[in-house]
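A.B. asks: predicted model and sequence below, questions to follow.
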Amino acid sequence: MSKGTICIVEDEEDIREILEIQLKREGYTPLAADTGEKGLRMIREHLPQLVLLDVMLPGMDGFDVCRALRSEKSTREIPVIMLTARGEEADIVTGLEIGADDYITKPFSPRVVLSRVKSVLRRGQRSQEDPSGILEYGKIVVDQPRHLVKVNDEPVDLTATEYKLLVFLAKRPGWVFTRQQIVDNVRGEDYAVTERSVDVQVVGLRKKLGDQADLIETVRGVGYRAKELA
């Protein structure tokens with residue numbers, strides 16, 4: 001029985017074939033397209049569980065496909081993993097800001113792709129929040145109704161911004177966010193963002209988290225994420 005359909009939008013035939021073989025072995029049903037236009041039609045028709053989307057495509061590129069998916073009600077919730085050339089930090093940042101859920105840099109191993117696919121799909125399954133408002137992440141417990149945070153059962157005094165930053169990241173383990181996305185969600189879209197302003201808040205939060213500080217990871221050239229726990 002298939003674990004679900006995954007659409008691959010990639011113009012390099014060798015990469016498409018490798019991804020199709022690996023996904024089939026893991027029990028997924030892969031569908032493939034070699035252009036952005038074909039991929040978009042395929043996604044709209046089949047509404048897959050996930051999309052592997054190359055950035056550099058002939059004609060309609062991956063960014064335009066992702067924007068189109070996020071603008072339509074039927075496709076806006078479909079997870080998208082962008083495939084991008086090694087070192088192209090600008091591509092990674094752009095992809096995340098327009099709605100991609102994750103990214104993989106080329107060249108990559110099929111095992112890495114499968115790991116990322118499973119991780120992104122698990123996030124969707126865990127998206128239901130505890131109705132009590134208690135958020136548990138590692139040894140951190142956030143009592144949202146009471147606005148209280150404990151680390152190793154000890155109360156921690158966070159500023160309003162540090163608290164919002166912790167909750168924002170901890171609710172989405174494994175998700176990478178740019179500094180601009182963090183500010184938009186923590187401080188509001190009208191707040192003047194600088195890299196320094198976000199970095200200072202992260203440094204302050206880490207200090208107060210003590211031995212749990214490494215749960216907030218820096219993604220070089222991109223931003224931050226909460227470590228995904230096993």
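C.D. replies: Received it, and whenever you're ready, just let me know what you need.

A.B. asks: please name the bridge partners of the spatially most distant residue from the centre of the chain.
C.D. replies: Distance to the chain centre peaks in the chain at E154, reaching 30.3 Å (criterion: CA atoms, centre = their mean). Beta bridges link E154 to V151, judged by DSSP bridges.

A.B. asks: domains of the chain?
C.D. replies: With domains defined by automatic domain parsing, the chain comprises 5-125, 134-226.

A.B. asks: where's the longest one relative to the chain centroid, distance-wise?
C.D. replies: Spelled out, it's domain 5-125. Centre-to-centre, domain 5-125 and its host chain are 12 Å apart (CA atoms, centre = their mean, to the nearest Å).

A.B. asks: what's the answer for the shortest one, then?
C.D. replies: The chain centroid and the centroid of domain 134-226 are separated by 16 Å under CA atoms, centre = their mean.

A.B. asks: any idea of the mean pLDDT in it?
C.D. replies: For domain 134-226, the mean pLDDT works out to 88.

A.B. asks: again with stretch 69-79
C.D. replies: Across stretch 69-79, the per-residue pLDDT values average to 92.

A.B. asks: list the buried ones in that stretch?
C.D. replies: Neighbour-count burial for stretch 69-79, counted by 16 or more other CB atoms under 10 Å, picks out L69, T75, I78, P79. Yep, even glycine has a C-beta here, placed from its N, CA and C like the rest.

A.B. asks: sorry, back to before: tell me the most buried of the domains of the chain?
C.D. replies: Most buried of these by mean neighbour count (mean count of other CB atoms under 10 Å) is domain 5-125; its value is a mean of 18.

A.B. asks: give the rounded mean pLDDT of stretch 88-107.
C.D. replies: Stretch 88-107 comes out with an average pLDDT of 86.

A.B. asks: go on, stretch 4-20?
C.D. replies: Mean predicted confidence for stretch 4-20 is 95.

A.B. asks: mind checking the end-to-end distance for that stretch?
C.D. replies: 13 Å (CA to CA, to the nearest Å).

A.B. asks: ok, now stretch 139-155?
C.D. replies: 12 Å.

A.B. asks: Validate this expectation: Y224 resides in a helix.
C.D. replies: No. Under DSSP: H, G, I helix; E, B strand; the rest coil, Y224 sits outside any helix and is assigned strand.

A.B. asks: list the contacts of it.
C.D. replies: Y224 makes contact with L169, V176, F177, R179, I182, V198, V202, I216, E217, T218, according to CB atoms under 8 Å, 6 or more residues apart in numbering.

A.B. asks: and if we set it to 6 Å?
C.D. replies: When the contact criterion is CB atoms under 6 Å, 6 or more residues apart in numbering, the partners of Y224 are T218.

A.B. asks: hey, where'd the strands end up in this protein?
C.D. replies: Using DSSP state E, the strands of the chain run over residues 5-9, 29-33, 50-54, 80-85, 102-106, 134-137, 140-143, 148-151, 154-155, 177-178, 216-219, 223-226.
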